[in-house]
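S.K.: Need coordinates for the following:
(chains A and B)
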Amino acid sequence: MTENPNGTGHVHDEGGLAGLRLVPKTDAPYKMKDFKSDQEVRWCPGCGDYAILAAFQSFLPQLGVPRENIVMVSGIGCSSRFPYYLSTYGVHSIHGRAPAIATGLATSRPDLSVWVITGDGDGLSIGGNHLIHALRRNVNINILLFNNRIYGLTKGQYSPTSEAGKITKSSPVGSLDHPFNPLSLALGAEAGFVARTVDSDRKHLTSVLRAAADHPGASFVEIYQNCPIFNDDAFEPLKDASSRDLRLLRMEHGEPLRLGPDRGVVAGDFGGLEVVDVARVGEERLIRHDAHREDPGYAFALSRLDRPAFEHVPIGVLRDVRRPTYDDLLNEQIEDARSERGDGDLAALLAGGDTWTVD
Amino acid sequence: MAKQIEQLDRVIIRFAGDSGDGMQLTGDRFTQETASFGNDLSTLPNFPAEIRAPAGTLPGVSSFQLHFADHDIVTPGDAPDVLVAMNPAALKANLGDVPKGATIIVNTDEFTKRSLAKVGYVSDPLTDGTLDGFKVSAVGLTSMTVAALADSDISKKDAQRAKNMFALGLLSWMYNRPTEGTTSFLKSKFASKPDILDANLKAFRAGWNFGETTEDFAVSYEIKPARLPSGTYRNITGNLATAYGLIAGSKRSGLPLFLGSYPITPASDILHELSKHKRFGVRTFQAEDEIAGVGAALGASFGGSLGVTTTSGPGMVLKQETVGLAVMTELPLLIVDVQRAGPSTGMPTKTEQTDLLMAMYGRNGESPVPVVAPSSPADCFDATIEATRLAVKYRTPVVVLSDGYLANGSEPWRLPDVADLPVIEPDLATEPNGPDGAYLPYLRDEDTLARPWAVPGTAGLEHRIGGIEKHAQSGDISYTPGNHDLMVRTRQAKIDAIARDIPELEVSDPTGDAEVLVLGWGGTYGSITAGVRRVRRAGGRVAQAHLRHLNPFPANLGRVLARYERVVVPEINLGQLALLLRGRFLVDVIGYNKVRGLPFKAEELAGVLQEVIDRD
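M.R.: Predicted coordinates:
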């Protein structure tokens, strides 16, 4: 018989990323190129996925874990081709099911760093059920949802994040669907880590990825991603140098919530938040961002600030609150059973219950 | 006066009552007593899908049939020799199955005007002649239980609820069953409720004593232990045997067991059982839906676990896309489908064999998977280990087709010696297999055509797999026409070649000159065998064979079919195996098909076989 492959081996010392506590660490001096696979990247020219891939490849050495202990799991869609372009282990699965597959992998292999790559169609439409349940269970996986607000691979139908009234191939007189707010959805699904970033801002993207990896349990990261073919410039107001600083609410834990030089966020009615002129209310009334706030109501209020569309868009880590992870709890139950009553004995199991002997 | 003891060689008893009357428990306890006495036995629980249908109604009737004997038996029996009817509904629902001359024990206390009216009896069947020709024992089971518990410190309602133990005590006396097992069972079940324990024990003893003293029951019966092969036995249901088979497969392969499952009748008991065995390193994951159950199992398989999902028909439908992904990624995966009556929700607690074609062909594209079907409750153990062996050796999903009858039915099981169970070698890849240290995840073993299985954490073998067609060796995405044709044919050839690695089909043909072969598969083994025995006892010549492997078929199947003039294929469907046999072997098999949610009766099959034998 072969050795059980699921040994956990050498684990991180104190001070490593907390989400990688049970993953072996390495001193190998990885470079970005070590995470590029030999496959030709086949996204459309100008696709936001290129920038995310490059940022991700240059980020992976920061994990400090062996390449063979990293697994990318994706569903179906343009973004789901991601695993092919990384030199780690990877599964390009079926539409919407990546969180389920990653759940089985992560719970049975706590020594792996598991990343789910999904999109607004894959993760929020066909796979919406798996997404919310992975989040509430708090399986130790990192879910990156590339949101381009359109179906790309099937060539241009509206997605669950497309704005109502959108004219697409399947909605020639305007979509009737009210869109999801992915951050609100994740928070409603009891996610402990919820963040948003933008494909074109590598520095910000990298910092959010690092925070996600540091979070033990399920991390949900929405990445605004441009589709130049079917929904070009969907996020242009957030990228244009002249307007972005007035629209992006860059959240930093412990820092006041400010939009550009003049505006900031204060408490509003009914537990909501409000964007106001700082000069009018005074600097001291600005809310200092607290990503560790237990009550998700605050993070939810942040997620709703994006009205009217793109007027003030929070990016960064909305919520980073820790609770026990599903995989830790499951493996604890197994360890407890073994330490209390010893390893299972097959012969004793089979002979359990009432037996009789025939001579 | 010492009562007379009469010797019998076999008895079929059916306990029937309201869902709330504890008939399954009563039947189960009587079964355990019978098992520990050493009779051969076979059971058939039959219960409504509703948890508690309105009390006293026909839809609320639950029953448990037990056949036990001093010789080898293979079915729960066609018709009861004894019916215990706890209320008018139970009598009405079951009377049609009881032959004249049989014994009927009725609980007269429940035969009130109101209860009779509830099930449409306009007059009392106990007095209006309905039961003429039966040996009727009218017993006030409820009132005698209440009287026996008069001194107990429990409510009247709790006292009445113990009437099933009174009935069990009475039947235990009638058939001279050992009672220690039931006593210790009750002690452990009601350990935290001493009053209820006391009431149940008293009711049980009162039932026994009633049998011994009353003149209503002049005779008790003895059925000698069966002469079974030597060994240690226990009674086991199909679902329990399946759960144990999965644990054994995990132990013998060294692969940790991961079960991803969504509760569904009649498969849930496998999930319940496995969730208790964490000491074996078993991880059970109750998923958000059927799709996530199989998805998580496949994810665990990718990580080097033995990934398993358990389900029934409606769940099987939902899992098929993921099974297709397992076909494409060529990872071991077990799918246990405990078949039930369909289509759609169908009849969840009733048995059927209607998922064979779905297991074979219910996926998009050419996606062959091995299909293995256990033939009896105890055989679920061996069939599951065999499925594990195939899944691991050939890197393929394997479907195990159990059914509701096997799942809930039980029979004695001779415990195997663990050392004799097959060793399953996962043979995980640890080294590169290509030029220049490359790892080619689809470079196959020449003999088995299985691809190497490298699990994450193995340095140097990092690779990507998925549902898109892949290059025949590197596994890279490939849309090349010739490559796809090659891969489709190779995946098929891999499964077909398993025929070399499974036993040939054995035929039982004692006279050696039978012209008729009866060929079955899966859970009908017992009924067919009993039917064949009847035919042979009457001097008929019939050959019998039973398929465990439905895909691929045993290598000699075509030759076996060709040897016989006529081939009868009984199935609890409308002819699914028959279709496969006709398509594959161009043999005009004779189907015998019924879909009543119940197993075949031996007598019925004997009649069918005799009719085919008698054809010119």
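
S.K.: roughly how far is the strand or helix carrying residue A:209 from the heart of the chain?
M.R.: Assessed by DSSP states H and E, residue A:209 sits inside helix A:202-214. The chain centre lies 10 Å from the centre of helix A:202-214; the measure is C-alpha atoms, centre = their mean, to the nearest Å.

S.K.: List the residues that contact the residue nearest to residue B:118 when sequence neighbours are not counted.
M.R.: In this structure, residue B:118 finds its nearest non-sequential neighbour in residue B:56, 5.0 Å apart by C-beta to C-beta, 6 or more residues apart in numbering or on different chains. From N, CA and C alone the C-beta is placed, and that goes for glycine too. Counting by C-beta atoms under 8 Å, 6 or more residues apart in numbering or on different chains, residue B:56 makes contact with B:18, B:87-89, B:110, B:115, B:118-119.

S.K.: just residue B:134 next, same as before
M.R.: The neighbours of residue B:134, taking C-beta under 8 Å, 6+ apart as the test, are B:98, B:100-104.

S.K.: Buried residues in stretch B:186-195, which are they?
M.R.: Neighbour-count burial for stretch B:186-195, with 16 or more other C-beta atoms under 10 Å in any protein chain shown as criterion, is recorded at B:186, B:190.

S.K.: Could you check that stretch against chain A for contacts?
M.R.: No: if you take C-beta under 8 Å from any C-beta of the partner chain as the test, stretch B:186-195 misses chain A, and the best it gets is 11.9 Å.

S.K.: hmm, who's touching that stretch?
M.R.: Residues outside stretch B:186-195 that contact it (C-beta under 8 Å, 6+ apart) are B:152-154, B:158, B:165, B:196-197, B:200-201, B:204.

S.K.: Please tell me how far the residue nearest to the spatial centre of chain B sits from chain A.
M.R.: By C-alpha atoms, centre = their mean, chain B has its centre lying nearest to residue B:406, at 1.3 Å. Note on residue B:406: its distance to chain A, by C-beta to the nearest C-beta, to the nearest Å, is 18 Å.

S.K.: what's that residue in contact with, if anything?
M.R.: Contacts for residue B:406 (C-beta under 8 Å, 6+ apart) come out as B:238, B:338, B:351, B:374, B:376-377, B:379-380, B:522-523.

S.K.: just to revisit the earlier point, look up how far residue B:20 lies from the residue nearest to residue B:118.
M.R.: 10 Å (C-beta to C-beta, to the nearest Å).

S.K.: picking that back up, and the helix holding residue A:209, what does it pack onto?
M.R.: With contacts taken as 3 or more C-beta pairs under 8 Å, 6 or more residues apart in numbering or on different chains; DSSP states H and E, helix A:202-214 sits against helix A:48-59, strand A:142-147, strand A:193-198, strand A:219-224, strand A:313-320.

S.K.: Check the secondary structure at residue A:162 for me.
M.R.: Taken by DSSP: H, G, I helix; E, B strand; the rest coil, the conformation at residue A:162 corresponds to coil.

S.K.: Can you tell me the closest non-neighbouring residue to it?
M.R.: For residue A:162, ignoring the flanking residues on the chain, the nearest one in space by C-beta to C-beta, 6+ apart is residue A:149 at 5.1 Å.

S.K.: Fine by me, we can end here.
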